[in-house]
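A.B. asks: starting from these lines, generate the structure:
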Amino acid sequence: MTELLPPSDEAQDVVIAPNKSAPLRERLYKIQEQKWVNYPAATTALRLLQETLDQPAADRCRCLNIQADTNNGKTALAKKFLRDLNKSTPKKNKDAAQIPGIHVQCPPSPNFNMLLSAIFREVDAPCKTTGRIEPKVHQLVRLAPSIGLRIIIIDEFHNLLSGTQKQQSDFLITLKWLTNELRMPIVTMGTRESTRVLQTDPQLANRFRPYVLHPWKDLKEYAKFLAQFYSSMKLTGKNPFNSTKLVNKFLAMSEGLTGESVDLMRVAASLALEKGVETIDINLMDEVDWIMPTNRRDWIG
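C.D. replies: Below you'll find the model as predicted:
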């Protein structure tokens, strides 16, 4: 199933039949729309997120740490989970919006005040950006039940590595205190370096279950994923991903990363539209302007 989403990332069903006569600009815009295509690793991660959510309130809730390479689907996964959660949650308090889950980015350095400010922004509540942490945590503890907050997802958790060991340690100790006070699970997401951060605190490492989103290796499942995503591009040509050669080409160019595969599909589909060929094939892929992820750091221009 392919889920099409508007730029705001709010859930919405969008069904667009292939329309070769639509203006080129309109069709190119549709290609860039945010879309969700399910795949096995994502299904497992979504199940783990749901299991993490569906536990009784406790002083030491089981938490989750999702690891993946850069641009391998972590953030899209978090947004998909929260879209479905927030959409399916009934409103219990007529005076307050129900926000059962939120997604925030870890600060660029181990600054807990910045993390709390991000959390309060997500729930649209006022909060001082400086000052003592304790009153803000207590404010969040009081606020959480009124808005139905049940889970917090912290993305880019590897950012903590930019700080000193003491800063990292202080941040983790405060995070552990926050989870105890809120009596709810927290999910961290980041590159595999994020595990190094958690492992510096044995108690937190034990509390956070790890799950790794690996790059694609199963060609059969990868071909299914590409075919589903191709169908959302609304090109009029038939599915070209029955070709093992083309699937291997995508796998090599994207290095098996989900986000890179999605970006590559959009670039290729846009080129197909501009050339008027309405499909993606090996010859087209040879013309695609693309630099492989591991080569970008060495690219000067």
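A.B. asks: next, the residue nearest in space to the middle of the chain: phi, psi?
C.D. replies: Among the residues of the chain, the one closest to the centroid is Thr75, at 1.3 Å (CA atoms, centre = their mean). In terms of degrees, to the nearest 10, the main-chain angles of Thr75 are phi -70, psi -40.
A.B. asks: mind giving me the domain split of the protein?
C.D. replies: 2-37+216-293, 41-213 (automatic domain parsing).
A.B. asks: dump these to TSV, plus mean pLDDT.
C.D. replies: TSV is the format used below for these (pLDDT from 0 to 100):
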stretch	mean pLDDT
domain 2-37+216-293	85
domain 41-213	92
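A.B. asks: distance check, the residue nearest to the centre of the chain against Asp289.
C.D. replies: 25 Å (CB to CB, to the nearest Å). C-betas here are computed from N, CA, C, even on glycine.
A.B. asks: mind saving the C-alpha coords of stretch 104-124 as CSV?
C.D. replies: Extracted in CSV, the C-alpha atoms of stretch 104-124 (Å, rounded to 0.1, in the frame of the first residue of the first chain):
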residue,chain,number,x,y,z
VAL,A,104,11.6,16.1,18.5
GLN,A,105,15.2,16.5,17.4
CYS,A,106,18.0,16.0,19.9
PRO,A,107,19.8,19.3,20.4
PRO,A,108,23.1,19.8,18.5
SER,A,109,24.9,19.6,21.8
PRO,A,110,23.9,17.9,25.1
ASN,A,111,21.7,20.7,26.4
PHE,A,112,18.7,19.4,28.2
ASN,A,113,17.1,22.8,28.4
MET,A,114,17.0,22.9,24.6
LEU,A,115,15.4,19.4,24.5
LEU,A,116,12.7,20.5,26.9
SER,A,117,12.0,23.6,24.9
ALA,A,118,11.6,21.5,21.8
ILE,A,119,9.1,19.2,23.6
PHE,A,120,7.1,22.1,24.9
ARG,A,121,7.0,23.6,21.4
GLU,A,122,5.6,20.4,20.0
VAL,A,123,2.7,20.4,22.5
ASP,A,124,2.2,24.2,22.0
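A.B. asks: tell me how far stretch 170-179 lies from the chain's centre.
C.D. replies: 23 Å (CA atoms, centre = their mean, to the nearest Å).
A.B. asks: go ahead and confirm Thr188 touches Ala68.
C.D. replies: No. Counting by CB atoms under 8 Å, Thr188 sits too far from Ala68 to count as a contact (11.9 Å).
A.B. asks: distance of Leu182 relative to Val141?
C.D. replies: 6 Å.
A.B. asks: give the residue from these two that has the larger number of neighbours.
C.D. replies: Shown here are Leu182 and Val141; by other CB atoms under 10 Å, Leu182 has more neighbours (21 against 15).
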